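[1] Got a predicted model here, sequence first, then my questions.
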Amino acid sequence: MWFEKWIVGKRTFDQLVTETGLSKSTVQRLFKRYLKEPPMLSVYPSERVNLLIDGTYFTKDLCLILYRDNTIKFTQLYRFSDGERYEELKEDLENLLILGVQIESITCDGHRALLRAIRKVCPHVTLQRCVIHVQRMCRIWLSGNPKSIPGQELRKIVSTLHQIQSKKELSYWLLDLANWDARHHQFVHEKTVNPITGKFWYKHKLLRRSFYVLTSALPNLFAYLDNPRIPKST
């Protein structure tokens with residue numbers, strides 16, 4: 001029960017110590033026992049699989065990567081690793097194909113190693129970037145209360161990203177984004193130059209980063225509108 005609360009309920013060790021009355025070392029020892037004895041994995045060959053791939057870090061060096069079949073709500077494969085590494089992700093995708101899992105789409109957070117593995121193993125599979133991941137990263141860089149007018153306006157645009165349910169709504173949203181870029185393009189690219197070295201840096205780098213994260217994800221951000229079977233987030 002406590003292990004489930006740690007994994008699913010995201011309780012911290014300090015919270016579990018308070019709730020269980022056990023010491024932190026005892027709780028950690030019990031959990032390590034569970035982690036060393038994972039359940040046996042069964043892969044179900046299936047067609048038109050809409051795959052969710054996501055990594056969760058429990059510690060700095062312990063990452064659980066899940067390959068979940070959203071069509072039948074079943075975890076087809078998982079891997080424990082110390083990170084999201086290209087060779088391992090590539091191997092996992094290859095094994096899924098060998099075992100008869102026919103992938104129609106993959107929804108993921110856009111990790112570079114994973115995108116590279118997908119392009120290598122299944123380049124013709126429809127890719128859907130996780131809308132919530134993109135939205136969350138933009139909000140982090142824009143902060144909860146942007147000081148600049150362009151930052152405030154972009155945050156409003158980002159905040160409606162997950163609400164887009166039709167091509168018409170997408171058209172209006174893209175128009176808002178394009179108009180924002182037209183109004184604030186010069187501000188976003190404003191530079192500060194070192195008069196001695198000649199080197200420069202962008203004055204509003206977090207705002208600029210948010211905008212480019214959003215635009216770079218656009219080609220794979222709305223596949224779910226063409227195919228309702230595709231989940232838009234992990």
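    Here it is on my side, so go on. Here the structure is a predicted model, which is why all the values come from computation and not from measurement.
[2] Quick one: the strands in this protein, in order.
    46-59, 62-69, 74-81, 101-108, 126-129, 191-193, 200-202 (DSSP state E).
[3] how about the ones you listed, which one is nearest residue 179?
    strand 200-202 (21.6 Å; C-beta to C-beta). To be clear about C-beta, it is placed using only N, CA and C from the backbone, and glycine gets the same treatment.
[4] Report the mean per-residue pLDDT for the closest one.
    The average pLDDT within strand 200-202 is 76.
[5] Pull up the pairing partners for that strand, direction included.
    strand 191-193 (antiparallel) (DSSP bridges).
[6] related to what we said a few turns ago, of the strands of the chain, which shows the lowest average pLDDT?
    strand 200-202 (a mean of 76).
[7] what residues does stretch 43-54 touch?
    65-72, 74, 76-77, 89, 96, 99-109, 114, 130, 229-231, 234 (C-beta atoms under 8 Å, 6 or more residues apart in numbering).
[8] Buried ones only from those, please, as a PyMOL command.
    With 16 or more other C-beta atoms under 10 Å as the burial test, the buried ones among the contacts of stretch 43-54 are selected in PyMOL as follows:
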select buried, resi 65+66+67+68+69+70+71+76+77+89+96+101+103+105+106+107+108+109+114+130+230+231+234
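[9] Residue most distant from the centroid, the chain?
    Taking C-alpha atoms, centre = their mean, the residue of the chain most remote from its mean C-alpha position is residue 196, at 41.1 Å.
[10] ok, that residue - contacts?
    No contacts exist for residue 196 under C-beta under 8 Å, 6+ apart.
[11] how about it, phi and psi?
    Residue 196 adopts backbone torsions of phi -90, psi -50, taken as degrees, to the nearest 10.
[12] so what's residue 83 closest to, chain neighbours aside?
    The shortest distance from residue 83 to any non-neighbouring residue, by C-beta to C-beta, 6 or more residues apart in numbering, is to residue 63 (5.7 Å).
[13] is the one you found in a bridge, and if so with what?
    Beta-bridge partners for residue 63, by DSSP bridges, are residue 57, residue 81.
[14] Kindly reformat the strands of the chain as CSV containing distance to residue 6.
    Below are the strands of the chain laid out as CSV (distance: least, C-beta to C-beta, whole Å):
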stretch, distance to residue 6
strand 46-59, 9
strand 62-69, 12
strand 74-81, 16
strand 101-108, 25
strand 126-129, 29
strand 191-193, 46
strand 200-202, 41
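[15] how about the ones you listed, which one is nearest residue 211?
    Here strand 200-202 is closest among those (C-beta to C-beta), at 11.1 Å.
[16] Contacts for the closest one, please.
    Here strand 200-202 has contacts from 189, 190, 191, 192, 193, 194, 208, using C-beta under 8 Å, 6+ apart.
[17] Ok, which of the strands of the chain comes nearest residue 170?
    strand 126-129 (13.9 Å).
[18] No more questions from me, cheers.
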